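Colleague: I need the structure of the sequence given here:
(one chain, ligands or ions: 2)
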Amino acid sequence: MKKFSEYKEDIYKCSRCGLCQSVCPVYRATLSECAVSKGKFNMLNGVLNGDLSFSKQLKKYLDMCTGCNACKNFCPSDIDAGKIFVAAKYDYYKTCKLSLIDKILNSYFFFKAILLLSGVFVSLYRFFCVDKLVAVFEKILLRLGKPGKMLLLLHSQVGVKIKKNDSCNKIETTKTALYFYGCFNKYINPQTQSAVKKILRNCGIKFLKKNFECCGVSYLADGNIEEFKKIANKNLSVAGNDFDYILADCASCMDTLKVYSDILDNEKAKNFSQKTVSVMDLIGEMQFVSSKKLKVAVHVPCHEEFDLAGFVKNIKNIEYIVTDDFDGCCGFSGTFSLKYPDVSEKISKSKALNYIKSGADIVLTTCPACILGLEQGFIETGISIKNRPAVMNLFVFLAQYCSQENI
Ligand code: SF4
Ligand code: SF4
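Modeller: Ligands and ions are numbered 1, 2, ... in the order given. Prediction:
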């Protein structure tokens, strides 16, 4: 991993053309110069020249970023702003004392406690079938402000139950995959794992369960590289050597697992990252037929490398709905939504309004955090659950509504 000081040339390459402003979701929501890469580079230039030093305020501005990479993809000077911000935040951690909020947000205990509590809530919710009550009290919950909206957000995570494999052909297993359960899918959306295994039942893959930790994406995004290395090393030792794939069912996890080789820079990490594949890599060539004629839109997660829209368009018996900004950031982005809740909600709401305008019945995506972001946006619009599109994990949709067609 390059040090912050080694990015001097990259920062100098910024011509201040301002093109990144037109694509930055945080700039569009705040109109703050500090939100966009151009503004952040001005400040970081000051640090490199010795006119400024790392401070809580500067870290606050660096954190005003969802890590969507839109500026990188659009920059005529080809600057990878995300990597520069991470390297700068790493230097901040080495030179400054952490604030209480940073300590809490950086605590793995806090992160796991939130996930476990959410998982318990969703399990109890499923057990007592509370969905009818939520539908009746939706308007009241919205009037309660943040606590009511939080309940509605958890309600949106309950999802469907996937039936066990129905027609599993006895295919000989030729490959071994370690299924990397992303935290959200492990604790809150276990139906995603069932769905993935159902879709891949005839692929000759044997799934081995390993007790992986979180991929570490929030530490990486926050520049807390020491904690990131610890968690990455734990995952490498849990994985061992006896596997053909690490299979990730979430675009953000997949992207983060691929970074292990850059940050740890050893053979084991290289092997792990090279063998990491996404579910999309395995099912991309399959042809699916939907049993329901639905109007389907797509949200492409910022870290999704596969042509998700192309794949969904190819599902038979659905109507693909083109939506404005379908590949724009959902605004959730992990701890960003905790540090900048108002900005996060504003970005999510703008996305949600596009999907409502499009007339889609359902929005499909591959990242559980994006599902939260989109649901957050729909809640912010105040439009009732029955009058807005449903948001669903693509794999759950394929397992629930589609059959595979041999081509
Ligand atoms: S698009 Fe690139 S070169 Fe232009 S202002 Fe933004 S970071 Fe600088
Ligand atoms: S990564 Fe996304 S949110 Fe961050 S500065 Fe670039 S465009 Fe803005």
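
Colleague: Per the annotation, how does the protein divide into domains?
Modeller: Following automatic domain parsing, one gets these domains for the chain: 4-97, 103-155, 175-282, 284-405.

Colleague: Going by mean pLDDT, which of those comes out lowest?
Modeller: Lowest mean pLDDT within the domains of the chain: domain 103-155, a mean of 80.

Colleague: That one: how far from the chain's middle?
Modeller: The chain centroid and the centroid of domain 103-155 are separated by 19 Å under CA atoms, centre = their mean, to the nearest Å.

Colleague: do stretch 282-298 as well
Modeller: Using CA atoms, centre = their mean, the distance from the centre of stretch 282-298 to the centre of the chain it belongs to is 21 Å.

Colleague: Likewise for stretch 88-98?
Modeller: Its chain's C-alpha centre and that of stretch 88-98 lie 25 Å apart, by CA atoms, centre = their mean.

Colleague: Ok, stretch 22-31 next?
Modeller: 19 Å.

Colleague: what about that stretch, near ligand 1?
Modeller: No - Stretch 22-31 does not reach ligand 1 (CB under 6 Å from any ligand atom); its nearest approach is 8.5 Å. Every C-beta, even on glycine, is put in place using the N, C-alpha and C of the backbone.

Colleague: List the buried residues for that stretch?
Modeller: For stretch 22-31, burial by neighbour count (16 or more other CB atoms under 10 Å) applies to 23-30.

Colleague: can you pull the alpha-carbon coordinates of the helix or strand hosting residue 119 into PDB?
Modeller: For residue 119, the element it lies in under DSSP states H and E is helix 108-128. The C-alpha trace of helix 108-128 is given here as PDB (Å, rounded to 0.1, in the frame of the first residue of the first chain):
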ATOM      1  CA  TYR A 108     -15.600  -4.200  16.300                       C
ATOM      2  CA  PHE A 109     -17.600  -4.900  19.500                       C
ATOM      3  CA  PHE A 110     -20.000  -2.000  18.700                       C
ATOM      4  CA  PHE A 111     -20.400  -3.200  15.100                       C
ATOM      5  CA  LYS A 112     -21.100  -6.800  16.000                       C
ATOM      6  CA  ALA A 113     -23.500  -5.700  18.800                       C
ATOM      7  CA  ILE A 114     -25.500  -3.700  16.300                       C
ATOM      8  CA  LEU A 115     -25.700  -6.600  13.800                       C
ATOM      9  CA  LEU A 116     -26.600  -9.100  16.500                       C
ATOM     10  CA  LEU A 117     -29.300  -6.900  17.900                       C
ATOM     11  CA  SER A 118     -30.700  -6.300  14.400                       C
ATOM     12  CA  GLY A 119     -30.500 -10.100  13.700                       C
ATOM     13  CA  VAL A 120     -32.500 -10.800  17.000                       C
ATOM     14  CA  PHE A 121     -35.000  -8.100  16.100                       C
ATOM     15  CA  VAL A 122     -35.500  -9.600  12.600                       C
ATOM     16  CA  SER A 123     -35.800 -13.200  14.000                       C
ATOM     17  CA  LEU A 124     -38.400 -12.200  16.600                       C
ATOM     18  CA  TYR A 125     -40.200 -10.200  13.900                       C
ATOM     19  CA  ARG A 126     -40.400 -13.300  11.600                       C
ATOM     20  CA  PHE A 127     -41.500 -15.500  14.500                       C
ATOM     21  CA  PHE A 128     -44.300 -13.200  15.600                       C
END
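
Colleague: could we number from 809 for the rest of this?
Modeller: Got it, first residue is 809 now, which makes that one helix 916-936.

Colleague: how about the next helix or strand after it: buried residues?
Modeller: Going down the chain from helix 916-936, the next helix or strand is helix 939-951, by DSSP H and E. By neighbour count with 16+ other CB under 10 Å, helix 939-951 contains the buried residues 942, 945-946, 949.

Colleague: Take the buried residues of stretch 830-839 and lay them out in a markdown table including secondary structure.
Modeller: Below are those laid out as a markdown table (DSSP: H, G, I helix; E, B strand; the rest coil):
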| residue | secondary structure |
| --- | --- |
| 831 | coil |
| 832 | coil |
| 833 | helix |
| 834 | helix |
| 835 | helix |
| 836 | helix |
| 837 | helix |
| 838 | helix |
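
Colleague: which two in these are spaced the farthest apart?
Modeller: Longest distance between any two of those is 14.3 Å, between 831 and 838; criterion CB to CB.

Colleague: What segments of the stretch 859-1008 of the chain are helices?
Modeller: 864-871, 878-882, 889-903, 908-913, 916-936, 939-951, 954-963, 991-995, 999-1007 (DSSP state H, counting those that start in this stretch).

Colleague: Quick one: the ones you listed as TSV, columns for distance to ligand 1 too.
Modeller: Below are those laid out as TSV (distance: least, CB to the nearest ligand atom, whole Å):
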stretch	distance to ligand 1
helix 864-871	14
helix 878-882	6
helix 889-903	6
helix 908-913	26
helix 916-936	31
helix 939-951	38
helix 954-963	33
helix 991-995	31
helix 999-1007	36
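
Colleague: Tell me which of the ones you listed approaches residue 1071 most closely.
Modeller: Of all the helices of the stretch 859-1008 of the chain, helix 889-903 comes closest under CB to CB, at 9.7 Å.

Colleague: Is there any residue in that closest one that contacts ligand 2?
Modeller: Yes - using CB under 6 Å from any ligand atom, helix 889-903 reaches ligand 2 at 889-890.

Colleague: by how many degrees do that helix and helix 864-871 diverge?
Modeller: Calculated by axes from the mean of the first three to the mean of the last three CA atoms, to 10 degrees, helix 889-903 forms an angle of 150 degrees with helix 864-871.

Colleague: What would helix 889-903 look like as CSV? C-alpha coordinates only.
Modeller: Only the C-alpha atoms of helix 889-903 are listed here, as CSV (Å, rounded to 0.1, in the frame of the first residue of the first chain):
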residue,chain,number,x,y,z
ALA,A,889,-9.2,9.7,-5.1
GLY,A,890,-10.5,6.9,-2.9
LYS,A,891,-7.0,5.4,-2.4
ILE,A,892,-5.6,8.9,-1.6
PHE,A,893,-8.2,9.5,1.0
VAL,A,894,-7.6,6.1,2.7
ALA,A,895,-3.8,6.8,2.8
ALA,A,896,-4.4,10.3,4.2
LYS,A,897,-6.8,8.9,6.9
TYR,A,898,-4.2,6.2,7.8
ASP,A,899,-1.7,9.1,8.5
TYR,A,900,-4.3,10.8,10.5
TYR,A,901,-4.7,7.7,12.7
LYS,A,902,-0.9,7.6,13.2
THR,A,903,-0.6,11.2,14.2
